[in-house]
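Student: Generate coordinates for the sequence data below:
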Amino acid sequence: MSDPEATELAEVGRTRSTIDRSVSVVRQHPATTVLLVAITVASVVTGAMWNDAGEDPGLYDRFGYGLPAWQDGESWNFLTGAFLTPQLVLYAPILVLVAVVAGTYERRVGPWRTLGVVIVGQAAAAVAAAALLAPFQDTGWTWAAELSGRLDLGLSAGGFAALGALTAVMQPVWRTRVRVAASAYLVAMVLGSGLLWDLEHLLGWVLGLAAGPLLVGRWPRRPQWHFGRRTQRAVVALVVAVFAVANLVEAAFPGNGGP
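Tutor: Numbering: from 1, shown residues only. Next up is the predicted model:
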């Protein structure tokens, strides 16, 4: 066999191997694949893939969810708006969050519970945020009054709901680390930046923490904290690192100073 023929056969073999691996990943993660495809298709069909929603208010008006959408009777926006993002630069982080967290969770609990956690968690977090802000819409609390008039897009709160639920099936050591790190980060973002999506992320995380044990057949239990000196040092270092990351994110997406 000549060298060109051997090279061509090797290329064909590598291509087939790549296709086989891709098909295997899709088969193992049908729910995650559906979510990623839905985000991509929705962003292309609506034009959000190349039109930044921040520069195209029409996307918010048609698909944005939040208290104004609820008051206008556009409750479907809490579902449809989840598959778009407010800024083009946020597509990659949302896709990575969904792919990694939902994909890992799906391997543990299956596709249907994964879809339920992400989609229901997203909608529930957005509705809960609107409900919390509603009483302060016409008050002197500037932060809450301003957020009550905002709309949001994206599935990131559903991703944090899935992360919260995922901790229920983690090993105890990693469960503690992830819960401490994620809680510190999300609280820091609400207090420091205070954007609408920061509030939704925190609420989605809390909902996921509550739902996670129920979805694997047990009641939520009071966390048992065992902080030896080594664990204390590790947790302090983790919290400091998380707050540093939160400051970087806040610098990239400055809010209104939080509550």
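Student: Could you use CA atoms for every contact and neighbour count after this?
Tutor: Fine.
Student: quick one: low-confidence parts of this protein?
Tutor: Screening the chain residue by residue with the criterion pLDDT under 70, one finds the ranges 1-22, 24-25, 52-56, 222-228, 230-231, 234-235, 238, 242-243, 245-257.
Student: That one: helices as residue ranges?
Tutor: Read by DSSP state H, the chain holds these helices, from start to end of the chain: 3-28, 30-46, 57-63, 67-71, 77-80, 91-97, 103-109, 111-133, 142-148, 156-166, 172-192, 196-215, 229-252.
Student: wait, which of these is closest to Arg221?
Tutor: Relative to Arg221, the nearest member of those by CA to CA is helix 196-215, separated by 8.4 Å.
Student: re the thing from before, kindly compare burial across the helices of the chain and name the winner.
Tutor: For the helices of the chain, average neighbour numbers computed from mean count of other CA atoms under 10 Å are highest in helix 156-166, which has a mean of 30.
Student: got the angle for it vs helix 172-192?
Tutor: In terms of direction (axes from the mean of the first three to the mean of the last three CA atoms, to 10 degrees), helix 156-166 departs from helix 172-192 by 150 degrees.
Student: Just the CA coordinates for helix 156-166, please, in CSV.
Tutor: Coordinates of the C-alpha atoms in helix 156-166 are reproduced here as CSV (Å, rounded to 0.1, in the frame of the first residue of the first chain):
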residue,chain,number,x,y,z
SER,A,156,-27.5,30.5,34.1
ALA,A,157,-29.8,30.3,37.2
GLY,A,158,-30.8,26.9,36.0
GLY,A,159,-27.2,26.0,35.8
PHE,A,160,-26.6,27.0,39.4
ALA,A,161,-29.8,25.1,40.4
ALA,A,162,-28.2,22.0,38.8
LEU,A,163,-25.0,22.6,40.6
GLY,A,164,-26.8,22.9,43.9
ALA,A,165,-28.6,19.6,43.2
LEU,A,166,-25.4,18.0,42.1
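Student: Might you calculate how far that helix sits from the centre of the chain?
Tutor: Per CA atoms, centre = their mean, to the nearest Å, the displacement of helix 156-166 from the mean C-alpha position of its chain is 6 Å.
Student: Show me what that helix is packed up against.
Tutor: With contacts defined as 3 or more CA pairs under 8 Å, 6 or more residues apart in numbering; DSSP states H and E, helix 156-166 has these neighbours: helix 91-97, helix 103-109, helix 111-133, helix 196-215.
Student: Export the helices of the chain as TSV, with columns for distance to Gly258.
Tutor: Compiled in TSV, the helices of the chain are given as follows (distance: least, CA to CA, whole Å):
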stretch	distance to Gly258
helix 3-28	40
helix 30-46	29
helix 57-63	22
helix 67-71	18
helix 77-80	23
helix 91-97	22
helix 103-109	31
helix 111-133	13
helix 142-148	6
helix 156-166	18
helix 172-192	5
helix 196-215	9
helix 229-252	11
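Student: I'd like to know how far Leu186 sits from Val45.
Tutor: From Leu186 over to Val45 the distance is 32 Å, taken as CA to CA, to the nearest Å.
Student: before we move on, what about Gly64?
Tutor: Using CA to CA, one gets 16 Å for the distance from Gly64 to Val45.
Student: go on, Ala145?
Tutor: Here the criterion is CA to CA. By it, Ala145 lies 33 Å from Val45.
Student: Contact partners for Leu199?
Tutor: Leu199 is in contact with 129, 190, counting by CA atoms under 8 Å, 6 or more residues apart in numbering.
Student: Kindly recompute the last result at 6 Å.
Tutor: Residues in contact with Leu199 (CA atoms under 6 Å, 6 or more residues apart in numbering) are Val190.
Student: What separation is there between Val34 and Leu196?
Tutor: As defined by CA to CA, Val34 lies at a distance of 26 Å from Leu196.
Student: okay, how far is it across stretch 143-152, tip to tip?
Tutor: Between the opening and closing residues of stretch 143-152 there is a gap of 16 Å (CA to CA).
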